[in-house]
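Asker: Dropping the sequence and predicted coords here.
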Amino acid sequence: MFKGKLSFVILAILLTVSVVLSGCTKEKSPKDALQSSMSKSADIKSYNFSGSMKFEDFNFPDDEMSASEAAAVVNLLKSAELSWTGGYRADPMMMEVNLQLALKGDLAINFNIPVLMTEKKVWVKIPNIPMLPIPEDMVGKFIELDLEELAKESGQTIPSIDPGKSQKFSNDVMGILFKHVEEESYLKEIKVKDAGLPADVDVKKVVQFHMDQTQIEPLVNTIVDKIAPELIDLLLNSQEYQDLLQLKKEDLEEAKKSLSELKDTEITEALAEMKKELKSLDITSNIGIDKKEYPVYTDAKISAAIESEELTGSLGIKVVTQMTGINGDVKFENSEPKGDDVITMDQLQEQLGGLYGDMGADSL
């Protein structure tokens with residue numbers, strides 16, 4: 001009798017341990033993995049980053065370009081690739097972005113624009129661009145923007161450019177999105193080797209987001225009914241976020257009122273009109289999560305085909321971003337500019353104003 005009870009107790013213990021262990025080792029769902037990673041990103045205090053954006057497809061007939069100024073601008077840049085590198089440090093706050101623009105074709109041009117930011121100032125280095133008549137003595141100097149002075153002149157509060165605060169806001173927004181978006185419709189985990197990531201990206205998990213035009217209507221309805229109202233409330237209840245986005249409380253209250261008065265028929269009509277013109281849409285994004293649960297890599301491919309009275313054609317864009325050296329020593333290519341390396345906006349306007357004035361006089 002004793003042996004039977006003892007065997008039962010041992011069996012119960014083993015079953016309990018097995019259940020606990022299975023719970024501990026259970027893989028997180030794609031949605032949970034993303035939420036956990038976004039929360040973890042709040043611990044990031046420094047990092048270096050890189051990224052790029054380019055058109056993989058751009059097919060609009062030339063005779064339709066005049067019908068859309070936006071399309072004409074994109075047509076000029078369709079052979080361009082924008083890339084960037086930089087670093088961020090939270091304390092003391094410092095961020096550097098080095099923008100590189102490469103234009104291919106007959107007018108092949110490459111130039112770099114370094115930008116440095118602190119909580120109160122922004123510096124933009126003047127590049128040497130052949131097509132622009134910038135005086136030689138200005139090339140290589142930094143234009144200084146004093147955010148406090150600009151705020152005083154405009155009567156606004158000083159804008160916040162702290163990526164740390166922006167990340168916190170992003171995490172809260174993503175929390176609202178994940179709360180209402182159906183995981184099985186948009187998210188799945190894919191094998192790292194199948195994600196097509198660059199060789200230098202070291203991640204343990206890749207979560208893929210995918211959406212096509214058939215999913216637009218349910219997503220829009222979810223945004224209007226659930227996501228947007230909660231997002232507005234998030235902003236209304238946070239002065240920090242209002243300052244970050246330069247929003248006024250009365251404007252948010254008006255937006256909330258307008259949203260509540262929006263009729264289902266108006267949404268239906270807008271979606272029906274969009275369906276007529278948007279012939280295809282495909283958005284695919286891979287988010288790479290490393291062993292510490294940081295979201296260190298993201299790529300996104302967006303392709304669409306449009307058919308309307310004003311414009312018909314297709315386009316495809318790919319954006320890639322990557323973080324390295326998280327919470328380590330940040331490598332800045334430029335230091336905070338001082339002395340003769342700096343010119344003010346007034347000095348810039350004075351020199352460029354005189355330049356264009358002389359050009360105008362010569363042309364008469």
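Answerer: Received the coordinates, thanks.
Asker: Tell me who's in contact with Gln156.
Answerer: Gln246 (CB atoms under 8 Å, 6 or more residues apart in numbering). All C-beta spots, glycine's among them, are computed from the backbone N, C-alpha and C.
Asker: Now do it against Glu293, distance only.
Answerer: Separation of Gln156 from Glu293 (CB to CB, to the nearest Å): 38 Å.
Asker: Same question for Lys338.
Answerer: Lys338 is 40 Å from Glu293, where distance means CB to CB.
Asker: who's more crowded, those two?
Answerer: Glu293 (18 against 10; other CB atoms under 10 Å).
Asker: Setting the sequence-adjacent residues aside, check what's closest to that one.
Answerer: Lys40 (4.4 Å; CB to CB, 6 or more residues apart in numbering).
Asker: Report the secondary structure state of the one you found.
Answerer: At Lys40 the chain is in helix, as set by DSSP: H, G, I helix; E, B strand; the rest coil.
Asker: Could you measure from it over to Gln347?
Answerer: Going from Lys40 to Gln347 by CB to CB gives 45 Å.
Asker: any residues touching stretch 274-293, and which ones?
Answerer: Residues outside stretch 274-293 that contact it (CB under 8 Å, 6+ apart): 33-34, 36-37, 40, 190, 192, 195-197, 201-213, 216, 295-308, 314, 326.
Asker: and if you look at stretch 342-351?
Answerer: Here stretch 342-351 makes contact (CB under 8 Å, 6+ apart) with Trp123, Pro135, Met138, Lys141, Phe142, Ile143, Glu144, Leu145.
Asker: Give me the buried subset of those residues.
Answerer: Trp123, Met138, Lys141, Phe142, Ile143, Glu144 (16 or more other CB atoms under 10 Å).
Asker: quick check, nearest of those residues to Thr222?
Answerer: Distances from Thr222 to the buried ones among the contacts of stretch 342-351, taken as CB to CB, are shortest for Trp123 (42.2 Å).
Asker: Read off the pLDDT value for Ser238.
Answerer: For Ser238, the pLDDT comes out at 93.
Asker: any idea how far it lies from Phe142?
Answerer: Distance, Ser238 to Phe142, by CB to CB: 34 Å.
Asker: Check Glu277 too.
Answerer: For Glu277 relative to Phe142 (CB to CB), the value is 45 Å.
Asker: what does Ser41 give?
Answerer: Taken as CB to CB, the span from Ser41 to Phe142 is 30 Å.
Asker: low pLDDT regions in the stretch 151-300 of the chain?
Answerer: Scanning the stretch 151-300 of the chain for pLDDT under 70 picks out 157-162.
Asker: coming back round to it: just the ones in strands from the contacts of stretch 274-293, please.
Answerer: Per DSSP state E, strands hold the following members of these: 190, 205-212, 295-307, 314.
Asker: Only whichever of those are buried, select them in ChimeraX.
Answerer: A single ChimeraX command selects the buried members of the ones in strands among the contacts of stretch 274-293 (16+ other CB under 10 Å):
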select :205,206,207,208,209,211,295,296,297,298,299,300,301,302,303,304,305,306
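Asker: Show me the helices in the stretch 1-150 of the chain, by range?
Answerer: Secondary structure of the stretch 1-150 of the chain (DSSP state H, counting those that start in this stretch): helices at 2-25, 30-40, 69-77, 147-154.
Asker: ugh, wrong one, I meant the stretch 201-350 of the chain
Answerer: 216-222, 228-236, 239-244, 249-261, 264-277, 345-363.
Asker: which of those sits most buried?
Answerer: helix 228-236 (a mean of 17; mean count of other CB atoms under 10 Å).
Asker: who's in contact with it?
Answerer: With CB under 8 Å, 6+ apart, helix 228-236 has contacts from 172-173, 176, 179, 241-242, 245, 247, 249, 252-253, 255-256, 259-260.
Asker: and the angle for it with helix 249-261?
Answerer: Relative orientation of helix 228-236 versus helix 249-261 (axes from the mean of the first three to the mean of the last three CA atoms, to 10 degrees): 170 degrees.
Asker: Would you mind putting the CA coordinates of helix 228-236 into CSV?
Answerer: Once non-C-alpha atoms are left out, helix 228-236 reads as follows in CSV (Å, rounded to 0.1, in the frame of the first residue of the first chain):
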residue,chain,number,x,y,z
ALA,A,228,-6.9,55.0,-33.7
PRO,A,229,-9.1,55.7,-30.7
GLU,A,230,-6.6,54.1,-28.3
LEU,A,231,-3.7,55.9,-30.0
ILE,A,232,-5.4,59.2,-29.6
ASP,A,233,-6.1,58.5,-25.9
LEU,A,234,-2.4,57.5,-25.5
LEU,A,235,-1.4,60.9,-26.9
LEU,A,236,-4.0,62.8,-24.9
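Asker: mind checking how far it is from the chain centre?
Answerer: Offset of helix 228-236 from its chain centre (CA atoms, centre = their mean, to the nearest Å): 20 Å.
Asker: repeat for stretch 324-335
Answerer: Stretch 324-335 sits 20 Å away from the centroid of its parent chain (CA atoms, centre = their mean).
Asker: Could I get the contacting residues of Val181?
Answerer: The contact partners of Val181, by CB under 8 Å, 6+ apart, come to Leu187, Leu219, Thr222.
Asker: Pull the contacting residues for Cys202.
Answerer: Careful, residue 202 is Asp; it's not Cys. Contacts of Asp202 by CB under 8 Å, 6+ apart are Asp290, Val296.
Asker: Swap in 10 Å and give it another go.
Answerer: Val192, Gly288, Asp290, Lys291, Val296, Tyr297, Thr324 (CB atoms under 10 Å, 6 or more residues apart in numbering).
Asker: Great, nothing more from me.
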